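1. I need the structure of the sequence given here:
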Amino acid sequence: MGVFNRVKDIVTANINSLLDKAEDPSKMLRLMIQEMEDTIIDLKSSCAAQLAEKKTVERQLGEVESKTEQWNDRAALALEKGREDLAKEALVEKRNWTEKKAGLERQFATLTESVDLSREDIVKLEKKLISVKAKYKELVIRAKQAEDNKKINSYESFSKIDEMERQVDKLEAKYDLESSIKSSLEDEFSKLEGKDSIDSELEELKKKLKKGVKSDE
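-> Down below sits the predicted model:
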């Protein structure tokens with residue numbers, strides 16, 4: 001089952017309304033385009049057949065008109081020759097061809113109208129097809145933009161994470177540096193403090209030794 005019931009539905013269709021109801025707008029547009037193209041092909045094929053038939057009827061009309069004139073001339077000739085009976089028969093034939101001509105003229109008029117309508121429908125459908133293809137192209141572009149934006153947002157998220165990691169690395173490096181400086185400072189003071197302690201102890205030892213020497217004397 002197609003999206004449309006041929007020409008009338010296609011021409012009068014509200015494309016935006018159909019897309020709003022569609023689960024997959026892109027797929028719906030592809031189906032519309034395919035059906036429109038198929039319908040245009042069918043219409044052109046039908047129109048070509050009607051044109052061929054119209055030419056055939058037009059040719060037959062010329063032949064019928066010729067026959068009608070011929071039997072009219074024969075009726076006149078029969079009367080000139082005093083053959084009223086033949087004149088009547090000729091007029092009967094003329095009437096037959098006249099009726100046939102009338103039928104062909106009606107057929108020709110119908111075909112002419114049908115061809116004109118087909119041509120109008122083809123023009124309308126081709127315009128509609130152009131608009132639907134433009135809508136499909138727009139939808140494809142929007143879908144691509146959405147996909148690109150998604151990728152960009154994803155990239156930005158990664159970028160934010162990278163930035164956060166860099167900040168953490170900086171903080172850790174700063175902490176390590178401060179810890180290292182603090183540790184070095186403490187080591188220096190410890191050395192100084194240790195040196196002072198040794199010096200003090202050395203002095204005390206010297207004093208004791210001096211006292212010992214004096215005691216001996």
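2. count the residues that sit near the closest residue to residue 51 other than its chain neighbours.
-> Leaving out its chain neighbours, the residue that sits closest to residue 51 by CB to CB, 6 or more residues apart in numbering is residue 115, at 5.8 Å. Yep, even glycine has a C-beta here, placed from its N, CA and C like the rest. The tally of other residues near residue 115 (other CB atoms under 10 Å) stands at 18.
3. and residue 115, what is it in contact with?
-> 47, 50, 51, 54 (CB atoms under 8 Å, 6 or more residues apart in numbering).
4. nearest to residue 76, of the residues you listed?
-> residue 54 (33.1 Å; CB to CB).
5. isn't that closest one right next to residue 109, touching?
-> No - with contacts counted by CB atoms under 8 Å, residue 54 stays clear of residue 109, the gap being 10.0 Å.
6. the more surrounded of these two?
-> For the pair residue 54 and residue 109, the greater number of neighbours falls to residue 54 (18 against 12), based on other CB under 10 Å.
7. next, residue 82: secondary structure please.
-> Secondary structure, DSSP: H, G, I helix; E, B strand; the rest coil: residue 82 is coil.
8. what's the neighbour count on it?
-> There are 9 residues near residue 82, going by other CB under 10 Å.
9. for residue 71, see how far away it is.
-> 18 Å (CB to CB, to the nearest Å).
10. next one: residue 114
-> Going from residue 114 to residue 71 by CB to CB gives 31 Å.
11. which of these two has more neighbours?
-> Neighbour totals were compared for residue 114 and residue 71, and residue 71 leads with 19 against 16 (other CB under 10 Å).
12. I'd guessed that one sits against residue 100; true?
-> No - look at residue 71 against residue 100 with CB under 8 Å: they stay out of range, at 11.6 Å.
13. re the thing from before, would JSON lines of the contacts of residue 115 with distance to residue 146, pLDDT and secondary structure be doable?
-> Converted to JSON lines, these look like this (distance: CB to CB, whole Å; pLDDT from 0 to 100; DSSP: H, G, I helix; E, B strand; the rest coil):
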{"residue": "47", "distance to residue 146": "42", "pLDDT": "92", "secondary structure": "helix"}
{"residue": "50", "distance to residue 146": "47", "pLDDT": "94", "secondary structure": "helix"}
{"residue": "51", "distance to residue 146": "48", "pLDDT": "95", "secondary structure": "helix"}
{"residue": "54", "distance to residue 146": "52", "pLDDT": "95", "secondary structure": "helix"}
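14. select from the residues you listed the one having the most neighbours.
-> Neighbour counts for the contacts of residue 115 peak at residue 50, which has 20 neighbours (criterion: other CB under 10 Å).
15. leaving out sequence neighbours, find the closest residue to it.
-> residue 115 (4.9 Å).
16. okay, and residue 203 sits in which element?
-> helix 84-216 (DSSP states H and E).
17. please report the distance of residue 44 from residue 51.
-> 10 Å.
18. for residue 33, same thing?
-> Separation of residue 33 from residue 51 (CB to CB) stands at 27 Å.
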